[in-house]
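K.L.:
Everything below, folded, please.
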Amino acid sequence: MKIISLSYSEAGYACSIGTSIKIKYNLTTNFFDYLVVDMSTINEILNLSNLELLLSNYEINKIKNHEYNSVTNKNFKKFISYHDLKNNYNEKDIQIFKNKYLRRYYRLMNDIYNEKIIYFIRYGKTSYEEIINLYNNILKKK
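P.N.:
Numbering: from 1, shown residues only. Have a look, this model is predicted:
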């Protein structure tokens with residue numbers, strides 16, 4: 001059995017899902033745990049055929065009065081990290097960031113391929129169509 005966070009499309013609520021799962025079940029961080037993402041981005045990531053989309057087209061912005069920068073992957077509708085890249089970053093830090101999400105992607109795919117029971121948790125309302133899309137995308141991987 002596996003519990004996987006599908007985060008949320010607004011900051012604050014998004015990270016609370018992954019944090020709650022980690023505290024309660026002491027699980028390894030999964031792909032969406034600390035990202036602000038919408039369901040269309042989640043479905044796009046589940047259907048990736050080109051991993052370069054995960055590793056390119058980032059926009060980094062300083063957050064006022066915060067020790068981290070926001071990192072947005074412009075290849076997706078909504079893919080934002082607020083906790084991964086400190087203000088004093090360099091190229092090595094960017095590569096570490098990219099490698100982290102690549103590892104998390106492979107971990108997510110491994111869980112989807114190999115786990116018999118997976119519970120997905122997402123904060124807030126999600127439309128029926130988005131749930132059906134997620135379900136169908138997961139079935140394609142099985």
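K.L.:
Helices of this structure, residue ranges please.
P.N.:
Ranges of helices in the chain, per DSSP state H, are 13-25, 39-46, 52-55, 91-114, 128-141.
K.L.:
Of those, flag the one that's most buried.
P.N.:
Mean neighbour count (mean count of other Cβ atoms under 10 Å) peaks for helix 39-46 among the helices of the chain, with a mean of 20. All C-beta spots, glycine's among them, are computed from the backbone N, C-alpha and C.
K.L.:
helices or strands next to that helix in the packing?
P.N.:
helix 128-141 (3 or more Cβ pairs under 8 Å, 6 or more residues apart in numbering; DSSP states H and E).
K.L.:
Centroid-nearest residue for this structure?
P.N.:
Nearest residue to the geometric centre of the chain (Cα atoms, centre = their mean): residue 32, 2.3 Å.
K.L.:
Now mean pLDDT and distance to residue 76 too, for the helices of the chain, in CSV please.
P.N.:
Output for these, formatted as CSV (pLDDT from 0 to 100; distance: least, Cβ to Cβ, whole Å):
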stretch, mean pLDDT, distance to residue 76
helix 13-25, 77, 14
helix 39-46, 95, 4
helix 52-55, 93, 8
helix 91-114, 95, 12
helix 128-141, 93, 15
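K.L.:
if we compare those helices, which one ends up closest to residue 61?
P.N.:
Distance to residue 61, taken as Cβ to Cβ, is lowest for helix 91-114 among these, at 13.7 Å.
K.L.:
Contacts for the closest one, please.
P.N.:
Applying Cβ atoms under 8 Å, 6 or more residues apart in numbering, the set of residues contacting helix 91-114 from outside is 2, 4, 28-32, 45-46, 48, 51, 54-55, 58, 60, 71, 81, 84-86, 118, 138, 141-142.
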